[in-house]
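Visitor: Attaching a predicted model along with its sequence, questions to come.
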Amino acid sequence: MSDVDQQRADQQPVDLQHVDLQSWVGRTQEVSDQAYPTPARALAATLDQADAAFSIGDPLPELWYWLYFLPIVPMSEIGSDGHPRRGGFLPPIALERRMWASGRHVFHDRLRIGDVLHKRSEILKIAEKEGKTGRMVFVTLRHEIRSGRGLAVEEEQDIVYLPMPKSFSPPPPTAAPADPAWSEPVAIDPVLLFRFSALTFNGHRIHYDLPYATDVEKYPGLVVHGPLQALLLLEFARRRVPDRPPARYSFRAVRPLFGFDQVRLMGVARDDGGHVLFTVNGDGHVGMQATVTWAANDSSR
């Protein structure tokens, strides 16, 4: 059975109120792709990296494998929020909002343009909690990315499901560092959000459909993707430490960022040689916090 056929078979109607969510723990999925140059060139253009040629054999920057293994689902199987309908590889959780909350990466080897890639995913944990907005469900996934040379990336991903709110109620603000070692502005606008959605085949309407974002999900504007923030922060750090590739990288969403925000990227050095990174809005509130640990040198991988 092909990947698309399996997705169709998995996405049959499910009684969301009577699902044993724990029965999804341990489920696995395996997909393959190839690191073609065009997606990498398109993302480089989107990030204004005009000198990135991405010829066959060139290294693919860390996290850019998110351009591959895309969730290709027919339009007839898309939900009202733009996501694939519930009940495929991920459990059919009966909560309306879904967000990428955090992630953790270990980088073992460089992926390269032209590599045939293999991804194995497993549902590690499903945890239900009660928050101030009601029931929350956290799903933790583990992904292993391999090339023909072996294991390249280990990733853990946390997805949170939440009820649809009646009004926007952000988490309490976290202040940005007062004296960062690194700081630079980054331009956020609807075109950037649309292009990143397109490159990652992310149909979630909060990133490009303003009436939906404000009227249905009650945000005050278009939402900046969590993965986009994570990628911008790692690129920001790599420019400042060009001779040492990242060995580990983790990030977590702290507070939503919006398309109208004046955003800065900041970095603070740690005693172990790594850095803590932040996206920060115009009010000085942290949107995402990340931590990067560097490999010894570029020849170590």
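Guide: Right, received. Where do you want to start?
Visitor: The closest residue to D109 other than its chain neighbours is in what secondary structure piece?
Guide: Closest residue in space to D109, ignoring its immediate chain neighbours: A152 at 4.4 Å, by CB to CB, 6 or more residues apart in numbering. Placement of C-beta: from N, CA and C, glycine included. Element membership of A152 [criterion: DSSP states H and E] is strand 150-162.
Visitor: Which strands or helices does that strand pack on?
Guide: strand 97-107, strand 134-147 (3 or more CB pairs under 8 Å, 6 or more residues apart in numbering; DSSP states H and E).
Visitor: could the ones you listed be laid out in a markdown table, adding distance to R86 and mean neighbour count?
Guide: Conversion of the helices and strands packed on strand 150-162 to a markdown table gives the following (distance: least, CB to CB, whole Å; neighbours: other CB atoms under 10 Å):
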| stretch | distance to R86 | mean neighbour count |
| --- | --- | --- |
| strand 97-107 | 9 | 19 |
| strand 134-147 | 12 | 18 |
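Visitor: Show me where the stretch 151-300 of the chain has its helices.
Guide: Along the stretch 151-300 of the chain, the stretches classed as helices by DSSP state H, counting those that start in this stretch are 190-199, 210-211, 226-240.
Visitor: hmm, who's touching the shortest one?
Guide: The reference is to helix 210-211. With contacts defined as CB atoms under 8 Å, 6 or more residues apart in numbering, helix 210-211 is touched by P190, G221, L222.
Visitor: returning to that earlier point: could the helices and strands packed on strand 150-162 go into a markdown table alongside distance to W64 and mean pLDDT?
Guide: A markdown table is the format used below for these (distance: least, CB to CB, whole Å; pLDDT from 0 to 100):
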| stretch | distance to W64 | mean pLDDT |
| --- | --- | --- |
| strand 97-107 | 12 | 94 |
| strand 134-147 | 11 | 94 |
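Visitor: now for those strands, which one comes closest to E128?
Guide: Closest to E128 of the helices and strands packed on strand 150-162 is strand 134-147 (CB to CB; 5.3 Å).
Visitor: Pull the distance from that closest one to the chain's centre.
Guide: Centroid displacement of strand 134-147 relative to its chain, using CA atoms, centre = their mean, to the nearest Å, is 11 Å.
Visitor: outside of it, which residues touch it?
Guide: 21, 65, 90-91, 93, 95, 101, 109, 111-112, 115-130, 151-163.
Visitor: Can you add distance to T293 and give the helices and strands packed on strand 150-162 back as a markdown table?
Guide: Supplementary listing: the helices and strands packed on strand 150-162 in a markdown table, determined by distance: least, CB to CB, whole Å:
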| stretch | distance to T293 |
| --- | --- |
| strand 97-107 | 10 |
| strand 134-147 | 19 |
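Visitor: Figure out which of the ones you listed is closest to A269.
Guide: strand 97-107 (20.1 Å).
Visitor: Name the residues that touch the helix or strand following that closest one?
Guide: Heading C-terminal from strand 97-107, the first helix or strand you meet, by DSSP H and E, is strand 111-112. With CB under 8 Å, 6+ apart as the test, strand 111-112 has contacts from A35, G57, D58, P59, L60, W64, Y65, L117, I145, S147, A152, V153.
Visitor: Show me what the next helix-or-strand element following strand 111-112 packs onto, helices and strands only.
Guide: With elements assigned by DSSP H and E, the helix or strand that comes after strand 111-112 is strand 116-131. Helices and strands touching strand 116-131, by 3+ CB pairs under 8 Å, 6+ apart, are strand 28-34, strand 134-147.
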